[in-house]
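A.B. asks: my questions are about this predicted structure, shown below with the sequence.
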Amino acid sequence: QVQLVESGGGLVQAGGSLRLSCVASGRTFNSYVIGWFRQAPGKEREFVAAISWSGGSTHYADSVKGRFTISTDNAKNTVYLQMNSLKPEDTAVYYCAGKIAGRTISFAREYYYWGQGTQVTVSS
């Protein structure tokens, strides 16, 4: 049974940093893409970043480019999202998700494994 477990969320002031972790278990993920999505109250879930587990190619939403970095530690089966220069508009529940690599990586509906989410709150 595949499990994705996020951690690392919390409350931080604007300009601060957080590092989210997503520990994956239950299968090998060599052919998978792991993505980070977020959902703020009253808004749709939106793409943040994604990484191919085997090749390490990365993709980012324009809103986080230059501030967020996605990476993997294959030995720990963990995907990280380093978030710097946080803004109040980054406040949301952050989810990691997994799917077999394909042509697209930013559509939440294409991901079929999801974690439970971790809350990130950025105060102004």
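C.D. replies: Good, I have the coordinates.
A.B. asks: alpha carbons only for contacts and neighbour counts from here, please
C.D. replies: Noted.
A.B. asks: who's residue 22 bridged to?
C.D. replies: According to DSSP bridges, the residues that bridge with residue 22 are residue 6, residue 79.
A.B. asks: contact partners for the closest residue to residue 119 other than its chain neighbours?
C.D. replies: Sequence neighbours aside, residue 93 is the residue nearest to residue 119 in space, at 4.3 Å (criterion: C-alpha to C-alpha, 6 or more residues apart in numbering). Neighbouring residues of residue 93 by C-alpha atoms under 8 Å, 6 or more residues apart in numbering: 38-40, 117-120.
A.B. asks: in stretch 93-104, what's buried?
C.D. replies: For stretch 93-104, a neighbour-count test (16 or more other C-alpha atoms under 10 Å) marks 93-101 as buried.
A.B. asks: pLDDT (mean, whole number) over that stretch?
C.D. replies: Across stretch 93-104, pLDDT averages out at 94.
A.B. asks: what do you get for stretch 46-54?
C.D. replies: pLDDT averaged over stretch 46-54 gives 94.
A.B. asks: hmm, who's touching it?
C.D. replies: Taking C-alpha under 8 Å, 6+ apart as the rule, stretch 46-54 contacts 29-39, 57-61, 64, 70-72, 74, 101, 105-108.
A.B. asks: restricted to strands, list those residues.
C.D. replies: 32-39, 58-60, 70-72 (DSSP state E).
A.B. asks: please produce JSON lines containing those residues, extended by pLDDT, distance to residue 84 and neighbour count.
C.D. replies: Compiled in JSON lines, the ones in strands among the contacts of stretch 46-54 are given as follows (pLDDT from 0 to 100; distance: C-alpha to C-alpha, whole Å; neighbours: other C-alpha atoms under 10 Å):
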{"residue": "32", "pLDDT": "94", "distance to residue 84": "26", "neighbour count": "17"}
{"residue": "33", "pLDDT": "96", "distance to residue 84": "23", "neighbour count": "24"}
{"residue": "34", "pLDDT": "96", "distance to residue 84": "20", "neighbour count": "29"}
{"residue": "35", "pLDDT": "97", "distance to residue 84": "18", "neighbour count": "29"}
{"residue": "36", "pLDDT": "98", "distance to residue 84": "15", "neighbour count": "27"}
{"residue": "37", "pLDDT": "98", "distance to residue 84": "16", "neighbour count": "22"}
{"residue": "38", "pLDDT": "98", "distance to residue 84": "16", "neighbour count": "23"}
{"residue": "39", "pLDDT": "98", "distance to residue 84": "18", "neighbour count": "18"}
{"residue": "58", "pLDDT": "95", "distance to residue 84": "17", "neighbour count": "17"}
{"residue": "59", "pLDDT": "96", "distance to residue 84": "17", "neighbour count": "18"}
{"residue": "60", "pLDDT": "98", "distance to residue 84": "14", "neighbour count": "21"}
{"residue": "70", "pLDDT": "97", "distance to residue 84": "12", "neighbour count": "24"}
{"residue": "71", "pLDDT": "96", "distance to residue 84": "14", "neighbour count": "20"}
{"residue": "72", "pLDDT": "94", "distance to residue 84": "17", "neighbour count": "20"}
